[in-house]
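1. pasted the sequence and its predicted model underneath.
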Amino acid sequence: MSNDSAPGTDAAIGQARVINWGAVARILIAALIVPELIYFSPPIDIAVVDGSHGWWLFLVQHHRFFAGVFSTSAIAAVIFGWESFRRLIGEELRGPVEDPATRAAFLAVHLAAVACLIAWVKTIVLNKRLDSADGLAWFFVGAVLSAIALLSWFAALLPARPWLRWARMNPVALLGAIAVAIFARIVGVYALSLWRPLTASTLWAVDLLLQMLGQTTFVESDAARIGTTHFTVTIGQGCSGLEGIGLMSVFVAGYLWFCRRELRFPASLILLPAGVVSIWFLNVVRIAALILIGAWSERVAIDGFHTVAGWLFYTVGACGIVVVSRRWPIFSGAEPELRRLAAPNPASVYLAPMLTILLIAMLTRIASGGFDFLYPLKVIGAAAVFWLYRDRLAGFRRDLSWFALMLGGVVFIEWIVLQRRSDVAVEDLAFATQLGSLPASIASLWLVIRVIGAVVTVPLAEELAFRGYLLRKLVSADFTRVDFRHFTLLSFVVSSTLFGLLHQQWLAGVIAGMLFAVAMYRRGALFDGVIAHSTANAMLAVYVLTTHRWSLWN
Amino acid sequence: MNRRFVSNLVWTLGTCGLLWLASLGNAFAQQVPELDPGSAASGIALAVGAALLLVERYRRRA
């Protein structure tokens, strides 16, 4: 049988899996909870209600806290009891749907309960009925509806038996997960108070760094302001370093987990505080550089550097953690002589094009000032990487598939249908104004290159990264041995979700990612995913150019 | 140190970190331009993608 792996690799894992439609139905049911939680997550404004009249109002007022604790507890419980969850629930989810009529009935109950809850929120809470004499009764109606909605969602996925069996097997994991969720939520709330002392330390360090560079500075500690005679910045809550510390903590924790077999413990745990300190220091460098650049160009400093430098420094910090942990024997589990052995990197052909586009997009954003004048650089950069890997990419080529072309058309339609942004007219006008400010010949050339990017370079780079690498990496650590036909629930959902999150229209992006994966699964050809993606983008380009809906390109 | 303990500890810290971010989200997403959805996703993708590329390089060497 043929496969589409890069030449020289041995695609041997799962060569002919059939799509499990029962599992797909369960994915859709499981995914229902996400938009529902998003819908109910905005705070319900009951400030006008007299809270002293009922303890239940406390629960209503803090429903976001409880929803957060519930969702985190659920995620943490799955993580803590992962082995048994995979064995018990995973096998049930992969198996045939038990008693489909009952599952469908529970799904109907769930949808009805959610509809009633929406009505409850709109008519009872917003009309302040909770403040009336029978407020307690109204509260219990809402609480019962919530419980029914939640329990029927679980029952629509699986019968109660496997859930209860798993819970009985993992009481410590369940209790631990609830404790972690409550603790983390409380820490999250109180962490906000950390920003003051963190800002003070950041101010001090930026001041010191600027003085070392020969700058005359002034500092207003109360207003968290620092600068030179030419340019001043106020350190806001996000710029204090809290966001970077949180992101770096998550990155290092994830890195330690995924590479736990290749790292030495407990020494590698030092990487957690090391990552936190390094990202704080890089934030100090960023603010000092912002002040120096601001003295030269305010526009570049505010619209470009300020926006981009944080992410570039985050990337530097993350890569630094990986390099240090692999090169220092105290952290790395590999033998010294093995560490020195050179071998080709199998992931480079899949990841390098996408990373090149992202990096150039970041750098050009510094100078672009709102309109992506330098878009052609992304196309040129990606083309250069494709040229570098042309021999390996040639191995992916297959004959055209009508199924892939058709799926591309379906993606285009769902992309247009799911557009729900309210500010499109403003964006369309801004784009048209800036494009119109260019000479006609330059504007035409820019549009041609923009279409080439949308139809050729972006689909190829994204499919290589998300379907070629990530989807297979989620099946096996040695992704080169995974056949492109190999379907697993986890890899299908996670790779499509992450693909969707990279796009502004995340829901349309998730669905598109799933359809591109389906295109690839059918013949086991990554080429088909690329063709479906290119087709969708080509149709979108025609739609944008004919209707002038430029915001669809943002 | 027990590997299971280490993995649970790391997961706990990771979950706390995620929740910390989630709790802070509203506070800083409105004030810091780099946390608008497009560039935040791109920034995280760039960092994680670059780190993955390095991990694959060292994994092959070992």
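-> Received the coordinates, thanks.
2. A:S152: how many residues sit nearby?
-> Residues near A:S152, counting by other Cβ atoms under 10 Å in any protein chain shown, number 20. For the C-beta atoms, the positions are set from N, CA and C on the backbone; glycine is no exception.
3. nope, A:D391 is what I was after
-> When neighbours are counted by other Cβ under 10 Å, A:D391 registers 10.
4. by mean pLDDT, which helix or strand of chain A comes out lowest?
-> Least confident element among the helices and strands of chain A, by mean pLDDT, DSSP states H and E: helix A:336-339 (a mean of 54).
5. mind listing what's buried in the very next helix or strand once past that helix?
-> Tracing the chain past helix A:336-339, the next element assigned as helix or strand by DSSP states H and E is helix A:348-368. Judged by neighbour count (16 or more other Cβ atoms under 10 Å in any protein chain shown), helix A:348-368 contains these buried residues: A:348-366, A:368.
6. now do helix A:348-368: distance to the chain's middle.
-> With Cα atoms, centre = their mean, to the nearest Å as the basis, helix A:348-368 stands 17 Å off its chain's centre.
7. what angle separates the helix or strand that contains A:K378 from helix A:348-368?
-> Per DSSP H and E, A:K378 falls inside helix A:375-388. Orientation of helix A:375-388 against helix A:348-368 (axes from the mean of the first three to the mean of the last three Cα atoms, to 10 degrees) gives an angle of 160 degrees.
8. by mean pLDDT, point me to the weakest helix or strand of chain B.
-> That would be, for chain B by mean pLDDT, DSSP H and E, helix B:3-29 at a mean of 56.
9. does anything pack onto the helix or strand following it? Which helices or strands?
-> For helix B:3-29, the succeeding helix or strand toward the C-terminus, using DSSP H and E, is helix B:37-61. Contact partners of helix B:37-61 among helices and strands, from 3 or more Cβ pairs under 8 Å, 6 or more residues apart in numbering or on different chains; DSSP states H and E: helix A:242-258, helix A:306-327, helix A:336-339, helix A:348-368.
10. adding distance to A:F70, write those out as CSV.
-> Formatted as CSV, those follow (distance: least, Cβ to Cβ, whole Å):
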stretch, distance to A:F70
helix A:242-258, 21
helix A:306-327, 30
helix A:336-339, 45
helix A:348-368, 34
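11. which one of these has the poorest average confidence?
-> Least confident of the helices and strands packed on helix B:37-61, judged by mean pLDDT, is helix A:336-339 with a mean of 54.
12. got the domain ranges for chain A?
-> Split into domains by automatic domain parsing, chain A comes to A:41-169, A:195-339, A:351-553.
13. between the ones you listed, which gets nearest to chain B?
-> Chain B sits nearest to domain A:195-339 of all the domains of chain A, at 3.0 Å, using Cβ to the nearest Cβ.
14. what about the closest one, distance to the chain center?
-> 21 Å.
15. cool, stretch A:33-40 as well?
-> Distance, centroid of stretch A:33-40 to centroid of chain: 17 Å (Cα atoms, centre = their mean).
16. tell me the mean pLDDT for that stretch?
-> The average of the pLDDT scores along stretch A:33-40 is 74.
17. list the contacts for the residue nearest to A:A461 when sequence neighbours are not counted?
-> Excluding its sequence neighbours, the residue lying closest to A:A461 (Cβ to Cβ, 6 or more residues apart in numbering or on different chains) is A:P353, at 3.8 Å. Applying Cβ atoms under 8 Å, 6 or more residues apart in numbering or on different chains to A:P353 gives the contacts A:382, A:385-386, A:389, A:457, A:460-461, A:464-465.
18. which of those are buried?
-> For these, buried by 16+ other Cβ under 10 Å: A:382, A:385-386, A:389, A:457, A:460-461, A:464-465.
19. of the domains of chain A, which is nearest B:S42?
-> domain A:351-553 (5.6 Å; Cβ to Cβ).
20. quick one: the helices in the stretch 451-554 of chain A, in order.
-> For the stretch 451-554 of chain A, helices defined by DSSP state H, counting those that start in this stretch occupy the ranges A:458-463, A:471-473, A:489-501, A:506-523, A:526-547.
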